[in-house]
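>>> only geometry, no sequence info:
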């Protein structure tokens with residue numbers, strides 16, 4: 001790239017209004033999804049208005065409630081723009097936590113899944129090294145590890 005191209009690119013990128021005219025892609029995002037299908041999203045890149053977003057999307061259409069079919073449509077329930085990415089992430093996480101808190105049965109299922117994964121990881125470690133760390137809170141050696 002020569003000096004003229006660099007200068008033009010620099011000037012275009014410096015002005016948010018001009019940059020918005022040439023950028024048409026969707027900003028990158030992260031999300032948390034609940035067992036009922038709701039997605040809590042925040043953007044990791046700014047929109048064309050130089051703000052970050054947080055939103056809640058609910059699945060809609062055929063099969064969205066039963067989970068039997070793949071969801072093909074998402075309806076935005078709430079979308080808010082924030083000045084900083086940190087604020088957008090905090091808002092999305094707070095909404096997710098509040099939604100999750102309203103359904104305590106999900107927490108118990110998630111805890112059970114986590115315990116299963118932890119036990120499987122510890123068993124693989126025990127099979128590889130022959131060490132079991134009871135002092136780290138792993139508890140007694142399970143019977144399936146002895147066989």
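Received, thanks. Values in this document were obtained by computation on a predicted structure and should not be read as measured data.
>>> right, and the secondary structure at residue 75 would be what?
The three-state label given to residue 75 by DSSP: H, G, I helix; E, B strand; the rest coil is strand.
>>> from memory it sits against residue 55, does it?
No - in this structure residue 75 lies outside contact range of residue 55 using CB atoms under 8 Å: 10.6 Å. For the C-beta atoms, the positions are set from N, CA and C on the backbone; glycine is no exception.
>>> If you count surrounding residues, which of the two has more?
Each of residue 75 and residue 55 has its neighbours counted (other CB atoms under 10 Å); residue 55 has more, 22 against 11.
>>> so who does the nearest residue to that one once chain neighbours are set aside touch?
Spatial nearest neighbour of residue 55, excluding adjacent residues (CB to CB, 6 or more residues apart in numbering): residue 79 at 4.1 Å. Taking CB atoms under 8 Å, 6 or more residues apart in numbering, we find residue 79 in contact with 53, 54, 55, 56.
>>> tell me the SS of the second one?
So that's residue 54. strand.
>>> give me the number of residues near it?
As a burial measure, residue 54 scores 25 neighbours (other CB under 10 Å).
>>> And it, how far from residue 117?
Per CB to CB, to the nearest Å, residue 54 is found 29 Å from residue 117.
>>> still on that earlier bit, hang on, the residue nearest to residue 55 in a strand?
Yes - the assignment for residue 79, made by three-state DSSP, places it in a strand.
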